[in-house]
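**Student:** One predicted model, sequence on top.
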Amino acid sequence: GVGVYPTASMINHSCRPNAVQTFWLSGSSDHHYPPMLQITMCRDAKEGEEVTISYCDVSAPRHNRRKGLKTNYNFLCDCALCQDTERDDALIGLKC
C-alpha cells in the first residue's frame, strides 16, 4: 500500500536510527479506520537529538545500503556506520 504522512516525511535517515516506523492497518466489518503510521523510539535520545529512522535494512553490508539509498532516495549515506569498513567486512564474511 501507499500512504502520505507529511509530518513523518520530515524524519531523516540514519543507519543507526533511534526510532522505528510501524504501519498499522485497522478495521473490521463494523468500523473502518484509516491506516496509521507510528514512530517509536528504540533507544534513549538526548534532549535536542534528532529523531531518525532507517530507510533501508541496516543489517545489510555498507555497499548494499548505500546503493539502495542512492537508487531509491538519491543520496549517499556517510554516517558513522557507513564509515565503519571493519564492520562491513565482518558482515560480508558472515554466513548462516
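**Tutor:** Happy to help now that I have it. Residues are numbered from 1 along each chain as shown.
**Student:** From residue 10, how far out is the closest residue to residue 69 other than its chain neighbours?
**Tutor:** Nearest non-adjacent residue to residue 69, counting by C-beta to C-beta, 6 or more residues apart in numbering: residue 77, 5.3 Å away. Bear in mind the C-beta positions are built from the backbone N, C-alpha and C, glycine included. Using C-beta to C-beta, to the nearest Å, residue 77 is found at 18 Å from residue 10.
**Student:** Kindly report the same for residue 3.
**Tutor:** Distance, residue 3 to residue 10, by C-beta to C-beta: 15 Å.
**Student:** Looking at these two, which one has more neighbours?
**Tutor:** residue 3 (11 against 8; other C-beta atoms under 10 Å).
**Student:** ok now do the closest residue to that one other than its chain neighbours, which residues does it touch?
**Tutor:** Once flanking residues are discounted, residue 3 sits nearest to residue 35: 5.4 Å by C-beta to C-beta, 6+ apart. Neighbouring residues of residue 35 by C-beta atoms under 8 Å, 6 or more residues apart in numbering: 1, 3, 23-26.
**Student:** Against residue 86, how distant is residue 57?
**Tutor:** Using C-beta to C-beta, residue 57 is found at 19 Å from residue 86.
**Student:** neighbour count winner among the two?
**Tutor:** The neighbour count for residue 57 versus residue 86, taken as other C-beta under 10 Å, is higher for residue 57 (11 against 7).
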